[in-house]
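A.B. asks: Need a 3D model of the following:
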Amino acid sequence: MAIEVRPATRFDDVATMVGPKRPESNVCWCLSYRIPSKENLSLAGPARGERVRELVGQDPPPGVLAHEDGEVVGWAAVHPRKDTAFATNRKIPHVDDLDVWSLWCVRVRPGHRKKGISHSLVAGAVEHARAAGAPAIESYPVDNEGRKVDLTMAYVGTRALFERAGFVKAADTDSVINGFPRILMRRDLRS
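C.D. replies: Predicted coordinates for the structure are as follows:
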């Protein structure tokens, strides 16, 4: 199995990973943290996909995609924190004034899970941020102490996933998902 992770510059691949089965549906499209809350709440149905199409055309794109034998199998949302809702989020603290990148969503398609794709996505997101000159990258996973996380809330990742990728806990947060506290983890990219 060869997993290749590259920037999310193809809208159809992003739509496969985060878009709805029915275009009129109001699914996340991974916009909840990427755009201001007011704009996110105002977008409905196909307008959500069109907003993502715009983001895919920007530099940097809104994330990275994992491909296995040419098929898209995973997504990770990663972007400069200053351009996300984390810039003003009251529950997720700022550790310092570094111009960090945020990694907030990791998704693997059904039928492709349990193959280590999440690990490849995190590694690819780190390399994407490093290549863009980010001094550090943050994530906001649950600290679930090995307990099962509901699949609908697993997109934030777990402490163990990010520890394996070289992230360290930098701060507690006031955010809770699926009954588990979220923590702020960081990986320094300056060396």
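
A.B. asks: Show me what the longest helix along the chain is packed against.
C.D. replies: In terms of residue count, the longest helix belonging to the chain (DSSP state H) is helix 117-131. Judged by 3 or more CB pairs under 8 Å, 6 or more residues apart in numbering; DSSP states H and E, the packing partners of helix 117-131 are strand 3-7, strand 63-68, strand 71-80, strand 101-108, strand 136-139, helix 159-164. The way it works is simple: take the backbone N, C-alpha and C, and place the C-beta from them, glycine included.

A.B. asks: pLDDT-wise, which helix or strand of this structure ranks last?
C.D. replies: Counting by mean pLDDT, DSSP states H and E, the chain has its least confident helix or strand at helix 37-42, which shows a mean of 94.

A.B. asks: Quick one: list the elements packing against that helix.
C.D. replies: Against helix 37-42 (3+ CB pairs under 8 Å, 6+ apart) you get no helix or strand.

A.B. asks: Show me the contact partners of it.
C.D. replies: Leu31, Ser32, Arg51, Ala85 (CB atoms under 8 Å, 6 or more residues apart in numbering).

A.B. asks: For those residues, pick the one with the most neighbours.
C.D. replies: Leu31 (21 neighbours; other CB atoms under 10 Å).

A.B. asks: Just send the contacts of helix 37-42 back as JSON lines, with distance to Glu24 too.
C.D. replies: Shown next, in JSON lines, are these (distance: CB to CB, whole Å):
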{"residue": "Leu31", "distance to Glu24": "16"}
{"residue": "Ser32", "distance to Glu24": "19"}
{"residue": "Arg51", "distance to Glu24": "15"}
{"residue": "Ala85", "distance to Glu24": "25"}
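
A.B. asks: Closest to Leu65 out of these?
C.D. replies: Checking these against Leu65 by CB to CB gives Leu31 as the nearest, at 16.5 Å.

A.B. asks: Helix, strand or coil: sort out that closest one for me.
C.D. replies: Here Leu31 is recorded as coil under DSSP: H, G, I helix; E, B strand; the rest coil.
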